[in-house]
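Peer 1: 3D, please:
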Amino acid sequence: MPRNPLSAAASSDAESSESAAPPVVRSRDSRDALRVAVELTAADSLEAFQPESASRLARRPRFNPASFADSRRRAFWKRLALAAVAVTLVLQSAAIAWWLGTGTMPWAAAHATPVAVTSDPEGAPVIIDGVRMGTTPVTSALPPGPHTVVVGEGARAQTQHIEVQPGTDATIHVALAAAPAPAQPAAPTGELRVSTDPPGAEVIVDGEAHGASPATIDGLAPGRHEVTVTSAGTTIRRSVEVEAGAPASVIVSLGGGGIASGWLTVASPVVADLFEDGTLLGRTNTPRLLLPVGRHELDIVDETLGYRVRRTVQVTGGSTTRLELEPVNGLVNINAQPWAEVWIDGVHVGETPVGNLSLPIGFHDVVLRHPQLGEQRQTVAVGVGTPARIGVDLRR
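Peer 2: Next comes the predicted model:
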């Protein structure tokens, strides 16, 4: 019987397929599980597995030209916006700097008008609309409109209000009041005390009357002055030397003729007052004291130092008598914490404590010095009697 062509073809394909397909091996393991093994030919063994690179390419999204162009446009406009913000900030900063330096905004500079400010004298500060522009002479570019100009400072300052017109120059000149001259220190003066025996005589100094004796004349210029005393038709003239800051004294005896007075100078270890019968005659630093001829009981006193001595002098007419007072010492005690080297009047006297150190009465400079804690300076008044004391803590 002839075979069906279709069946024959199918049978042929099946046989071909069976001959091409690898043999299937069936086996059972110990647990009777069916395993199927497909044997591959040597040529097909690697092609049975897909490469990793092909797998990654399969997962990568496909390139979309429209989406890429849109992303590029968004990035461009973002960069453009950031650049615009940066330019705006720079322009704002420049405008603020211009305004702080000139008092006007940059866009007004094109229409600004130069305004020159001068003053007499020159060098006065100039403030325009609250902004300091320098010192005269100075020229500033101002925009049209009203402006306030202040020239000078303090009580000498002058204010002007101007209206700046575009295209026209403007000039402001201010005549400032002269600065007050610095006060000159008052010239040092001296004092003269005039006494007479008997009192009540008319006193004239350098031709100017000063009433009846005893009289005190203040504000005399240092130097020689002429003193005239008159009483009951008797006139006596004396020349007296007056020193700045020190009282001079003159005593005139109106009884009898001839020379009735002489000069007294005192050499004293301290500057002290001179008293006679409770009346102040002068001070020991007065170059010469004019006293009546005769014997005088003088008290030399410095209350601060507790110094008081009495001396008797004999004044000779027409001559100078010198009175010398012997030096007097006092005691001083000095201590410091933790310790210090001690200098007195520039002389090193040792380390603290310094006890019962004998010094001439008067004022002395004391320096206490420690190598790590520095130094302290003090002035000590050494007097008669109770010792002077100095105590310092250099740690403070």
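Peer 1: how about stretch 377-389: buried residues?
Peer 2: In terms of neighbour count (16 or more other CB atoms under 10 Å), stretch 377-389 has its buried residues at 380, 382, 383, 384, 388. In this view, the C-beta of every residue, glycine as well, is placed from N, C-alpha and C.
Peer 1: for these, give me JSON lines that also has pLDDT and distance to residue 140.
Peer 2: Shown next, in JSON lines, are these (pLDDT from 0 to 100; distance: CB to CB, whole Å):
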{"residue": "380", "pLDDT": "90", "distance to residue 140": "63"}
{"residue": "382", "pLDDT": "91", "distance to residue 140": "68"}
{"residue": "383", "pLDDT": "89", "distance to residue 140": "69"}
{"residue": "384", "pLDDT": "88", "distance to residue 140": "74"}
{"residue": "388", "pLDDT": "89", "distance to residue 140": "67"}
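Peer 1: state the pair within the residues you listed that is farthest apart.
Peer 2: Within the buried residues of stretch 377-389, 380 and 384 form the most distant pair, 14.2 Å apart (CB to CB).
Peer 1: quick one: the strands in the stretch 51-200 of the chain?
Peer 2: Along the stretch 51-200 of the chain, the stretches classed as strands by DSSP state E, counting those that start in this stretch are 113-120, 125-128, 131-135, 138-142, 145-151, 158-164, 170-175, 190-197.
Peer 1: likewise for the stretch 251-396 of the chain?
Peer 2: Assigned by DSSP E, counting those that start in this stretch, the strands in the stretch 251-396 of the chain fall at 261-267, 273-276, 279-283, 289-292, 294-302, 307-315, 320-324, 329-337, 341-344, 347-351, 354-360, 362-370, 374-382, 388-393.
Peer 1: distance to residue 237 added to those strands, as JSON lines?
Peer 2: Conversion of the strands of the stretch 251-396 of the chain to JSON lines gives the following (distance: least, CB to CB, whole Å):
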{"stretch": "strand 261-267", "distance to residue 237": "11"}
{"stretch": "strand 273-276", "distance to residue 237": "23"}
{"stretch": "strand 279-283", "distance to residue 237": "20"}
{"stretch": "strand 289-292", "distance to residue 237": "12"}
{"stretch": "strand 294-302", "distance to residue 237": "20"}
{"stretch": "strand 307-315", "distance to residue 237": "19"}
{"stretch": "strand 320-324", "distance to residue 237": "19"}
{"stretch": "strand 329-337", "distance to residue 237": "44"}
{"stretch": "strand 341-344", "distance to residue 237": "49"}
{"stretch": "strand 347-351", "distance to residue 237": "50"}
{"stretch": "strand 354-360", "distance to residue 237": "41"}
{"stretch": "strand 362-370", "distance to residue 237": "38"}
{"stretch": "strand 374-382", "distance to residue 237": "42"}
{"stretch": "strand 388-393", "distance to residue 237": "48"}
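Peer 1: and among those, the most buried is which?
Peer 2: Comparing these by mean neighbour count (mean count of other CB atoms under 10 Å), strand 289-292 ranks first with a mean of 24.
Peer 1: relative to the whole chain's centre, how far out is it?
Peer 2: Here strand 289-292 is found 55 Å from its chain centre; the criterion is CA atoms, centre = their mean, to the nearest Å.
Peer 1: which other helices and strands does that strand contact?
Peer 2: Identification of packing neighbours for strand 289-292 by 3 or more CB pairs under 8 Å, 6 or more residues apart in numbering; DSSP states H and E yields strand 247-253, strand 261-267, strand 279-283.
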